[in-house]
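Trainee: Let me see the structure of the following:
(2 chains)
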Amino acid sequence: MTPTSSAIESAAAHAAHALADARAAEQARGAPTLAGPAPLVDVHAHWFHAATPRADWAALNAARLRAGERMGVTWHVASVLGTWGAASPTYFASPDAVRLGNDVAYGIARACPDRVRAYTHVNPNFAAHALAELARGAGEGAVGLKLSASRRADDALLDDLAAAAGERGWPVLHHVWQWRRRDWPNQEASDSLELGRLAARHPRTTFLLAHIGGGGDYRHTFAAVADLPNVVLDLSGSGVDRGMLDGALEAVGAARLMWACDVTMCTGLAKLRALDHVGLTAEQVADVRWRNAARRFPPGAFPGLPA
Amino acid sequence: MTAPQPVGRRIDVNAHVGGYPWRHVPHPEPAVLERVLRREGIDAAWVGHLPSAFWRDPAPGNAELYAALAPHPTLLPAPCVRPDWPGWEAQVREAAARGAPALRVYPQLWGLAPGDPSLAALAHAAASHGLALVLSARFEDGRQRHPLDTAPDLQPAHVRALARAGTGAALVVVNAGREFIEETAWALTALEVARVWFDFSWVWGPPDDHLATLFRTLGPSRFVYGTGWPLRLTQNARALLDLLPPDLGAPALADAGAVARRAAAPSAFVPAAP
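Mentor: As a prediction, this is how the structure comes out:
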């Protein structure tokens, strides 16, 4: 077995065991899930694997699944950013690293078929490879495209990818720095103005603007994308500022918000609970929890959830 | 959604009232804080006056704080004392006279380096009046700060120096992350660290599970409950506890009321178990 195939198989096998263990623990606990019985889709999740710098990769994945069961996550939609820096930089993943990461994501989705979906992650600088990965991902059951910070969002190099994703009905989850006033190390981050220019060129593609709580000035983002109906705000990120959810709701409405965690599930749960206190109706809370995801991802992406 | 369940008597050591200079903060009024605490199952709070942190002379803010909290008996004043300002000792005496459990101090905003003698003098005065000292590691994520907000974060060295100063003061550090906490706690003797507590509102839960790591290594009794209101969602601290791995059960946090009582009786400190 090569190190690559070992990483793919071990990640999938471990995830299957971890999910079974988490479910058994919840069953033994016998208490309601923290987020209640209504469906809940986390549209921004990640996995790790043995070919990353994280020696604790298995514990990380298990912790996500454990916390997800505790909260009541119905579907994790997850990507793997290559080797997370081991073989090439996280945000500038080489084609080989991209492919390996995607295979891990597909493997975990197959191992946890009633809990996990996969994004196809690509590096647009390798245009032909990126388009080929997108097509391969469709065959592997992926349900969306993940763009990180390899190339500025408004660069023409992204146009073919955005169009291809739209043709398949895939949303594009794009890493965003909220109001990027300079370049940041280790990434070519984009902000909402830059993503907005791409979104304006591809009105039939849905763009998930990643982690409004993930760093930068989210209020700048709200103003920048308010009039772009194909841009949806993902609520994830470590930030839990009071006023953030209120501002997002005021700017784009409940139909353009999607709940998510990214790498801090505690802040995800906090924001989920705070949704009950920002003036949403029960129907709107359901929109943010899962229904907007069911509408914006391809039909059938989340079995059991009506589109 | 399941409602938060009350867990014993819980005090939020990390709350403020008043506005913030760098962004709009919705409804930072005492009546709203009182309502939020009730909703979250929190019995009381140590409450600072947020604008005072950024004023050269915080004394007028303390007067505003006492007046604002007077109608709200569950909101306990934690006034701000700047120890390099002439006459600061009077602010300490007034705080004690008004029954405050703690003082808030922001050395990083005043340009006071770790080990500045004025900080130790304040800690000594706080201990002699039975007041804890609350230090904020930060207010906002560094990635979102206003261009004019250039003050550094508090350093672990500030806390280490205070803990080593032998003042007997109870030190409560809020808004610190795992690294800050570890660089403080593991750099102190058992006797020194026995005087230091941390809130965990800015520590990460799963999947990295930093809070679980800290509870396993330092023990939950080094931690008190804090929220960061009105800048941050009160729900985060509760979420962190709810998402702890099952083997940690219901962690026995330090009782902030007991911390305040220890501050009132410094000789009651005992070394932590090795």
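
Trainee: Going by C-alpha atoms from here, please, whenever you check contacts or count neighbours.
Mentor: OK.

Trainee: Is it correct that residue A:183 is in contact with residue A:191?
Mentor: No: contact criterion C-alpha atoms under 8 Å: residue A:183 and residue A:191 do not qualify, at 10.6 Å.

Trainee: Who has more neighbours out of these two?
Mentor: Counted by other C-alpha atoms under 10 Å in any protein chain shown, residue A:183 and residue A:191 do not tie: residue A:191 has more neighbours, with 26 against 11.

Trainee: My guess is the more buried one contacts residue A:180. True?
Mentor: Yes: contact criterion C-alpha under 8 Å: residue A:191 and residue A:180 qualify, at 5.5 Å.

Trainee: what about the strands in the chain?
Mentor: Went with chain A since none was named. Secondary structure of chain A, counting by DSSP state E: strands at A:41-46, A:75-79, A:116-122, A:144-147, A:172-174, A:207-209, A:231-234, A:257-258.

Trainee: Let me rephrase: I mean chain B.
Mentor: Using DSSP E, the strands of chain B run over B:11-17, B:44-49, B:75-77, B:102-105, B:132-136, B:171-174, B:196-199, B:223-224.

Trainee: could you dump those strands to TSV with mean neighbour count and mean pLDDT?
Mentor: Converted to TSV, the strands of chain B look like this (neighbours: other C-alpha atoms under 10 Å in any protein chain shown; pLDDT from 0 to 100):
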stretch	mean neighbour count	mean pLDDT
strand B:11-17	26	98
strand B:44-49	26	98
strand B:75-77	27	98
strand B:102-105	27	98
strand B:132-136	25	98
strand B:171-174	27	98
strand B:196-199	25	98
strand B:223-224	25	98
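
Trainee: Quick one: closest of these to chain A.
Mentor: Chain A lies closest to strand B:11-17 among the strands of chain B, at 12.8 Å (C-alpha to the nearest C-alpha).

Trainee: so how far is the closest one off the chain centroid?
Mentor: Relative to the mean C-alpha coordinate of its chain, strand B:11-17 is positioned 7 Å out (C-alpha atoms, centre = their mean, to the nearest Å).

Trainee: Distance-wise, check the residue nearest to residue B:26 when sequence neighbours are not counted relative to residue A:297.
Mentor: Nearest residue to residue B:26, sequence neighbours excluded (C-alpha to C-alpha, 6 or more residues apart in numbering or on different chains): residue A:243, at 6.1 Å. Per C-alpha to C-alpha, to the nearest Å, residue A:243 is found 28 Å from residue A:297.

Trainee: and if you look at residue B:144?
Mentor: Note on residue B:144: its distance to residue A:297, by C-alpha to C-alpha, is 30 Å.

Trainee: So the residue nearest to residue B:26 sits against residue B:25, correct?
Mentor: Yes: with contact defined as C-alpha under 8 Å, residue A:243 reaches residue B:25; the gap is 6.5 Å.

Trainee: ok, and for stretch A:83-99, which residues are buried?
Mentor: The neighbour-count check on stretch A:83-99 (16 or more other C-alpha atoms under 10 Å in any protein chain shown) flags A:83-85, A:88-95, A:97-99 as buried.

Trainee: typed the wrong thing, it's stretch A:216-230
Mentor: For stretch A:216-230, the neighbour count (16+ other C-alpha under 10 Å) marks A:216, A:217, A:218, A:219, A:221, A:222, A:224, A:225, A:226, A:228, A:229, A:230 as buried.

Trainee: Please see if that stretch touches chain B.
Mentor: Yes: Stretch A:216-230 is in contact with chain B by C-alpha under 8 Å from any C-alpha of the partner chain, via A:216, A:217.

Trainee: Can you give the distance from that stretch to the centre of its chain?
Mentor: Worked out by C-alpha atoms, centre = their mean, stretch A:216-230 lies 18 Å from the chain centre.

Trainee: Need the nearest residue in space to residue 160, chain neighbours excluded.
Mentor: Using chain A here. residue A:131 (7.9 Å).

Trainee: look at chain B instead
Mentor: Among residues not flanking residue B:160 along the chain, residue B:184 sits closest, at 5.9 Å (C-alpha to C-alpha, 6+ apart).

Trainee: Can you get me a residue count around that neighbour?
Mentor: Neighbours of residue B:184 using other C-alpha under 10 Å come to 20.

Trainee: if I look at it, how far off is residue B:260?
Mentor: In this view, residue B:184 and residue B:260 are 21 Å apart by C-alpha to C-alpha.

Trainee: The most centrally placed residue in chain A: what's it in contact with?
Mentor: Most central in chain A under C-alpha atoms, centre = their mean is residue A:44, positioned 2.2 Å from the mean C-alpha point. By C-alpha atoms under 8 Å, 6 or more residues apart in numbering or on different chains, the residues touching residue A:44 are A:76, A:77, A:78, A:79, A:173, A:210, A:234, A:236, A:260, A:261, A:262.
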